[in-house]
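Q: sequence first, then the predicted structure, then my questions.
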Amino acid sequence: MKTTTIVLVALCGIILTSVLCPAEEQAPVVSVGAGELRGQGAGSLMIYKGIPFAAPPVGDLRWRKPQPVQSWKVTRSATEFGQECMQAPPAFSSNPLRAPLSEDCLYLNVWAPRNRKAARLPVMVWIHGGGFVNGGSSPAAFDGSHFAEQGIVFVSINYRLGRFGFFAFPALLHGDGPFGNYALMDQIAALIWVKQNIAAFGGDPAQVTIFGESAGGESVNLLLASPQARGLFVRAIIESGGGRDNLMKARPIKDTSSQGEPSAVQIGVNFARSAGIDGEDAKALTALRGLPAERIVNGLSMGSMEQQIAVYSGPILDGMLVTRTTESAYRDCRHEKAAVIVGANDADLGAAKGNSAEDILARFGGDADAARRAFDIKPDDTEAAVRNRIGGAEMMVEPARFVARSIAACGASVYEFRFSHVAEPLRAKFSGAPHSSEIPYVFGTLSESTWGNFGKSLAHPDLDVERQMHQYWVNFVKTGDPNGPSLPAWPRYRTSEDRLMNFTAAGAASEMDSWRERLDLVEKLH
């Protein structure tokens, strides 16, 4: 028997015959609008990678809305990730890319159960983070297998980054819009692809949940408020995605902002000049489209964004896709009335403004002493510690509560969370849960994650938090309610109670927000 098994494995590794090879080595074929796809079997799952959802945005299609994919006649292999979008990779990433970079990058990936019990299964669409300038869909932590194992069709997408994703220029503002927000256009194009094609993988186009972290979470905020995204999803999850205008505030496309900041068009002109291109007409645009992709990137990354503020706009108030800032959309109930999970981490991303600890506290005015107590500021705390502690609350945690309160006030169901768990191998380095550290817990990929190089060092508390968080997300995708058997009850958010689900080393616990005093003080700054 042992000899037979060895021979069978060898044959499958070479020829992959349908007669000899195990079921997980089969390559299921599905038909989508542009042609047939041959995927990869993995036990009970079917996996399809590198599926084009729009034409390559290169040459004359640089800075144009996504165009239809050219159909193919021969069955297309879908077993490898497509290229990730052009970027300057940061010096360190907790979720490193596993595919090469290219301007030709509009691809998505699908994980689906092979044998489904229901006619149509709920769908999740993951939008990666990275400050809109970094990231992609290929990192190991973003593997959708564990969601698919629980009866969900999981989709991860790419979208144009940096100046490929957000760029305005006078010669672009002609013809049919929208203009400027090409990254968001890509996300919407991917959601349209899902609506049109996901049934081929067993998914229900009427039961789509979008979710993302950091810039992916901010993308979810923008999509909730965008008229162009109406009808493309019914639920949403926002992980450390802000929600206030202090995080990547959308910039007016033509007009100077109310704070005197330049328009997105002026920033585009600034970049052209920095590249040695004068003028604002079609000739100048042709020259810009002729620049090598590396010159468009020009070192732009999460680490250099502040240094490139004069030549990179980020999200743009274009009047069609983004019609108002995220904060005003939530305040005025001008958003999709979808069920939402929203939250942030207790040591999340942020840097409060000020030149010293006292300068930072002075921003609270007459509440400075109250802020000192609420944030537990000690005389020997470093300026960096104070900046990060207050900054994380200001940039991510209070905005998450603001989103929860706004959605609840507008009549939709919303569930707030706080992620406070630090994996045992990382506790000597981190006193709280850093930005993005919840991702492998959500995906159930903690043992595969490079975040902490956990390997076999995972302790039971880590695995318990992973199991609970993953299951809450699964339940929400299926029903719009995260609650289920063998899980602590997670009540809907109500402003009067201010309860959230806190994921701690002891597991998930529903509690009154212990940061309420802190967040009330931060709220006054807006």
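A: Received it, and whenever you're ready, just let me know what you need. Numbers count the residues shown, from 1 in each chain.

Q: make it CA atoms for all contacts and neighbour counts henceforth
A: Noted.

Q: residue 236 belongs to a strand?
A: Yes - membership of residue 236 in a strand is supported by DSSP: H, G, I helix; E, B strand; the rest coil.

Q: ranges for the strands of the stretch 351-500 of the chain?
A: Here the stretch 351-500 of the chain has its strands, by DSSP state E, counting those that start in this stretch, at 414-419, 499-504.

Q: which of the ones you listed sits most buried?
A: Greatest average neighbour count among these goes to strand 414-419 (a mean of 27), per mean count of other C-alpha atoms under 10 Å.

Q: out of the strands of the stretch 351-500 of the chain, nearest to residue 98?
A: Of all the strands of the stretch 351-500 of the chain, strand 414-419 sits nearest to residue 98, with 26.9 Å by C-alpha to C-alpha.

Q: output the contacting helices and strands for that closest one.
A: strand 339-345, helix 398-409, strand 499-504 (3 or more C-alpha pairs under 8 Å, 6 or more residues apart in numbering; DSSP states H and E).

Q: averaged pLDDT, the longest one. What do you get?
A: Per-residue confidence for helix 398-409 averages out to 98 on the pLDDT scale.

Q: ok, the last one next?
A: Model confidence over strand 499-504, given as mean pLDDT, is 98.

Q: for it, which outside residues touch it?
A: For strand 499-504, contacts defined as C-alpha atoms under 8 Å, 6 or more residues apart in numbering pick out 415-422, 465, 469, 490-491, 493, 508-513.

Q: after it, heading C-terminal, what element do we hit next?
A: strand 507-512 (DSSP states H and E).

Q: give the next helix or strand downstream of that next one.
A: Sequence-wise, the next helix or strand downstream of strand 507-512 (DSSP H and E) is helix 516-523.

Q: how close does residue 207 get to residue 232?
A: Relative to residue 232, residue 207 is positioned 9 Å away (C-alpha to C-alpha, to the nearest Å).

Q: tell me the buried residues in the helix or strand that contains residue 267?
A: Following DSSP H and E, one finds residue 267 within helix 264-274. Neighbour counts over helix 264-274 (16 or more other C-alpha atoms under 10 Å) mark 264-272 as buried.

Q: from the chain's centroid, how far away is stretch 312-331?
A: Distance of stretch 312-331 from its chain centroid, counting by C-alpha atoms, centre = their mean, to the nearest Å, is 17 Å.

Q: measure it end to end?
A: For stretch 312-331, the first-to-last residue distance is 28 Å (C-alpha to C-alpha).

Q: ditto for stretch 83-98
A: With C-alpha to C-alpha as the measure, stretch 83-98 spans 9 Å from end to end.

Q: let the chain start at 19 from now.
A: New numbering, starting at 19: the last item is stretch 101-116.

Q: buried residues, the longest helix along the chain. List them.
A: Longest helix in the chain, counting residues (DSSP state H): helix 478-497. Residues of helix 478-497 classed as buried by neighbour count (16+ other C-alpha under 10 Å): 479-496.

Q: tell me the spacing between the residue nearest to the spatial centre of the chain and residue 330.
A: For the chain, residue 234 is the residue whose C-alpha lies nearest the centre (C-alpha atoms, centre = their mean; 2.1 Å). Per C-alpha to C-alpha, residue 234 is found 18 Å from residue 330.

Q: got any ranges where the stretch 369-518 of the chain has weak pLDDT?
A: The stretch 369-518 of the chain contains residues with pLDDT under 70 at 467-477.

Q: kindly report the same for the chain.
A: Looking at the chain by pLDDT under 70, you get 19-45, 266, 467-477.

Q: list the contacts of residue 413.
A: Applying C-alpha under 8 Å, 6+ apart, we find residue 413 in contact with 260, 262, 264-265, 367-369.

Q: now those residues in TSV, with secondary structure and neighbour count?
A: Compiled in TSV, the contacts of residue 413 are given as follows (DSSP: H, G, I helix; E, B strand; the rest coil; neighbours: other C-alpha atoms under 10 Å):
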residue	secondary structure	neighbour count
260	coil	31
262	coil	24
264	coil	14
265	coil	19
367	coil	22
368	coil	19
369	coil	19
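
Q: which of those residues sits closest to residue 415?
A: Closest to residue 415 out of those is residue 260 (7.6 Å), distances taken as C-alpha to C-alpha.

Q: correct me, but that closest one touches residue 419?
A: No - using C-alpha atoms under 8 Å, residue 260 makes no contact with residue 419, being 9.5 Å away.

Q: quick one: stretch 107-118 to chain centroid distance?
A: For stretch 107-118, the separation from the chain centroid amounts to 15 Å (computed by C-alpha atoms, centre = their mean).

Q: how about that stretch: buried residues?
A: Buried residues in stretch 107-118, counted by 16+ other C-alpha under 10 Å: 107-108, 113-115, 117.

Q: end-to-end on it?
A: Its first and final residues considered, stretch 107-118 spans 11 Å by C-alpha to C-alpha.

Q: list the contacts of it.
A: Against stretch 107-118 from outside (C-alpha under 8 Å, 6+ apart): 99-102, 152-159, 319-321, 467-469.

Q: follow-up on the earlier one: can I get the buried residues of stretch 107-118 in TSV including distance to residue 199?
A: Shown next, in TSV, are the buried residues of stretch 107-118 (distance: C-alpha to C-alpha, whole Å):
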residue	distance to residue 199
107	21
108	23
113	25
114	25
115	24
117	24
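
Q: now the two most distant members of these.
A: Using C-alpha to C-alpha, the pair of those lying farthest apart is 108 and 117, separated by 15.2 Å.

Q: does residue 227 belong to a helix or a strand, and which?
A: strand 221-231.

Q: need phi/psi at residue 49.
A: phi -110, psi 120 (degrees, to the nearest 10).

Q: ok, what's across the strand from it?
A: residue 54 (DSSP bridges).

Q: burial of it, as a residue count?
A: 13 (other C-alpha atoms under 10 Å).

Q: list the contacts for the residue lying closest to residue 222 once chain neighbours are set aside?
A: Sequence neighbours aside, residue 138 is the residue nearest to residue 222 in space, at 4.8 Å (criterion: C-alpha to C-alpha, 6 or more residues apart in numbering). By C-alpha under 8 Å, 6+ apart, residue 138 lies in contact with 217, 220-222.

Q: tabulate those (TSV), appending distance to residue 501 and neighbour count.
A: Listed next are the contacts of residue 138 as TSV, based on distance: C-alpha to C-alpha, whole Å; neighbours: other C-alpha atoms under 10 Å:
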residue	distance to residue 501	neighbour count
217	27	18
220	24	22
221	22	27
222	21	21
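
Q: same question for stretch 128-145: list its buried residues.
A: 128-132, 134, 138-145.

Q: ok, now stretch 51-66?
A: Across stretch 51-66, burial judged by 16+ other C-alpha under 10 Å covers 52, 54-60, 63-66.
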